[in-house]
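In: I'll drop the sequence and a predicted model, then ask my questions.
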Amino acid sequence: MYKNLIETIDKIVSVQHIDKERITVLQALIDFVQKKVNNSHEINLNFICTHNSRRSHLSQIWAKVASVYYQIPNVQCYSGGSEVTALYPKVIETLTRQGFNIFKIASTINPVYAIKYSENALPIISFSKKHDSPFNPVSAFTAIMTCSQADSGCPFIAGAEKRIPITFEDPKISDGTTEQTRIYTERSVQIASEMFYVFSMIKSN
């Protein structure tokens with residue numbers, strides 16, 4: 001992984017504190033991943049939020065990095081929404097500052113980004129899409145609902161083996177304020193910390 005990203009991860013892991021309530025919330029995802037690992041099955045995680053613009057992308061990216069960091073094999077991470085918007089630029093700015101190498105590969109109303117966490121790893125391709133986009137798996141995945149609106153607005157996720165609500169407060173509340181950088185950084189760190197906790201609990205075969 002990139003040096004600056006490793007430094008960010010080291011800080012997150014060294015001060016990691018997950019309260020009891022969140023540990024309970026995360027346990028369902030830990031159990032799902034552990035069962036897949038025990039059976040040597042591929043692990044497909046689709047993180048879903050209404051607009052697929054902020055929290056779902058942060059969750060997808062940090063979950064993938066956490067799986068690599070803890071050497072959990074066969075983990076594929078995706079994201080989607082109940083509607084298409086665009087990946088919010090402040091997410092890209094935040095992740096770049098935290099050590100990712102990101103470049104835009106399509107400049108449209110809904111831009112497409114390549115997000116790299118390591119020089120030799122395939123990039124994570126990020127753009128806003130519906131949860132049932134052809135870019136995402138159609139079966140044998142778990143749907144992880146990262147916002148309460150998507151959880152209530154998507155009563156049925158076709159192809160999902162399991163549905164797990166792990167919701168985060170929307171950093172959008174800080175848009176247009178002097179607190180924006182701080183709030184986006186805090187949300188990214190929170191999501192990273194919880195995804196690292198999940199994969200730290202997985203026992204590989």
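Out: Yep, that arrived.

In: where does this structure have low pLDDT?
Out: 148-155 (pLDDT under 70).

In: how about the residue lying farthest from the centre of the chain, secondary structure?
Out: Most distant from the centre of the chain: Thr178, at 25.3 Å, with distances by C-alpha atoms, centre = their mean. Using DSSP: H, G, I helix; E, B strand; the rest coil, the structure places Thr178 in coil.

In: next one: it relative to Ala28, how far apart?
Out: Distance of Thr178 to Ala28, computed by C-beta to C-beta, to the nearest Å: 37 Å. For glycine as for every other residue, the C-beta is placed from the backbone atoms N, C-alpha and C.

In: could you find the closest non-adjacent residue to the residue nearest the centre of the chain?
Out: Relative to the mean C-alpha position of the chain, the nearest C-alpha, by C-alpha atoms, centre = their mean, is the one of Ser59, at 1.6 Å. Among residues not flanking Ser59 along the chain, Phe47 sits closest, at 4.1 Å (C-beta to C-beta, 6 or more residues apart in numbering).

In: what about that neighbour, which helix or strand?
Out: Phe47 is part of strand 43-48, with elements assigned from DSSP states H and E.

In: for that strand, which helices and strands make contact with it?
Out: Strand 43-48 sits against helix 20-38, helix 55-69, strand 75-80, strand 141-145, with contacts defined as 3 or more C-beta pairs under 8 Å, 6 or more residues apart in numbering; DSSP states H and E.
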